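J.: My questions concern the predicted model and sequence given below.
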Amino acid sequence: MGKNSTFGVSYRVGSMRKRVMTTQNATLTKENQHPTETMNIVAIIYDFDGTLAPGNMQEYDFIPAVGKRSEEFWQESSQMAESQDGDTILAYLYHMIKEANNRDVSLRREAFRESGSKVKLFNGVQEWFSRINSYAEKKGLVIEHYINSSGIKEMIEGTSIAHEFKKIYACSFFYNVDGVAFWPSVVVNYTTKTQFLFKINKGIESVSDNIEINKYIPEEKRRIPFSRMIYVGDGTTDIPCMRLVKQMGGYSIAVYNKDSQRKVDDIHKLVDDGRVDFVAPADYSPSSGIDTIVKQIIDKIAINLSLENLKHK
Ligand SMILES: [Mg+2]
């Protein structure tokens, strides 16, 4: 799909919406009488760094506290990964523990949360969730927001939007009896990110579970099918997720920071290569590009569900 066809869907949706509105409202009433139905849940899954907030979350507070410049910190952890051909995410988690210990910086959960509270969000992010939730509600849909990030879960828990998410999938630590982080407990890289889409798909929140997730569940019985997923990300670690969601019938949106040097052409290449459906600036304010795209995807999902219900009558 080329960028010129980005809004093609919306026009079709707009004209169809009028025709099915009566039926859609009837469906709503029926579904409200059966609250166990999960037919109307839509998952919006967000990367964090560069998607909901500029930069990396460690750069606001943690890296300065250990006495490093951001470039220096990331370069050192990359070098460690490269020198022994290891995982770059594991290397940075180790580097965080090592540097914090060297500088007597707290590795308690509360310290990570305090650090997360300093993260600045992109324009409109704070109000985005309630606005999209109420838009979807009018269409008979329930939105569940999820985070899928290679950043630190405990830091995201300290941000002002943490309560908006049904589940935060991100890197995390094991803590000792004194409550001090000593070892990575969850490592999320570009490919392990995709496992969480299947957990969302099957309705399994637990990261440690490896039994339920592998049980056979027919596609139509899964809690949130990929066709009701919207993935929002900004970088290379999101490409496998974006592509998976798109290939499985869902929607992927690549966002970019308007204030950074990254060329818009580069990110549009993701569309041209068939890896994402849409591209928009990381501006979540009313009537922004992503606001329009997500609302129109919600319209389309509502209409698809309505048509499905008609088939079964
Ligand atoms: Mg990112």
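T.: That came through fine. Residues are numbered from 1 along each chain as shown.

J.: need the contact list for residue 237.
T.: With contacts taken as C-beta atoms under 8 Å, 6 or more residues apart in numbering, residue 237 has the following neighbours: 47, 150, 189, 190, 193. C-beta: built from backbone N, CA, C; applies to glycine.

J.: For residue 287, the count of nearby residues, please.
T.: Using other C-beta atoms under 10 Å as the criterion, residue 287 is surrounded by 9 other residues.

J.: got it, and residue 194?
T.: The criterion is other C-beta under 10 Å. On that basis, residue 194 has 14 neighbouring residues.

J.: State whether it and residue 244 are indeed in contact, as I suppose.
T.: Yes: A contact is recorded between residue 194 and residue 244 when judged using C-beta atoms under 8 Å, the distance being 5.5 Å.

J.: all strands for the chain, in order.
T.: Assigned by DSSP state E, the strands in the chain fall at 41-46, 142-152, 165-175, 181-186, 229-233, 251-256, 278-281.

J.: do you know which of these lies nearest residue 88?
T.: Put simply, out of those the one that sits nearest residue 88 is strand 142-152, at 9.0 Å, with distance taken as C-beta to C-beta.

J.: returning to that earlier point: just the contacts of residue 237 now: which is nearest residue 172?
T.: Ranked by distance to residue 172 (C-beta to C-beta), these are led by residue 150 at 11.3 Å.

J.: quick one, helices of this protein?
T.: Here the chain has its helices, by DSSP state H, at 8-32, 62-65, 70-83, 88-102, 109-116, 125-138, 153-157, 193-202, 239-247, 264-272, 289-311.

J.: most tightly surrounded among the strands of the chain?
T.: Between the strands of the chain, strand 229-233 has the highest mean count of neighbours, a mean of 27, where neighbours are mean count of other C-beta atoms under 10 Å.

J.: Contact partners for whatever residue of the chain ends up closest to the ion?
T.: Residue nearest to the ion within the chain (C-beta to the ion): residue 50, separated by 3.6 Å. Contacts of residue 50 were listed using C-beta under 8 Å, 6+ apart, and they are 56, 234, 235, 255, 257, 282.

J.: what residues does stretch 84-104 touch?
T.: Stretch 84-104 is contacted from outside by 58, 62, 65-68, 73-74, 76-78, 80-81, 105-107, 150, 152, 171, 173, 181-184, 187-189, using C-beta under 8 Å, 6+ apart.

J.: Next, the buried residues of it.
T.: Neighbour-count burial for stretch 84-104, with 16 or more other C-beta atoms under 10 Å as criterion, is recorded at 88, 89, 90, 91, 92, 93, 94, 95, 96, 97, 99, 100.

J.: Just name the closest of these to residue 240, please.
T.: Comparing the buried residues of stretch 84-104 against residue 240 with C-beta to C-beta picks out residue 89 as the nearest, at 14.1 Å.

J.: Those residues of the stretch 151-300 of the chain touching the ion, which are they?
T.: Taking C-beta under 5 Å from the ion as the measure of proximity, the stretch 151-300 of the chain contacts the ion at 234, 235.
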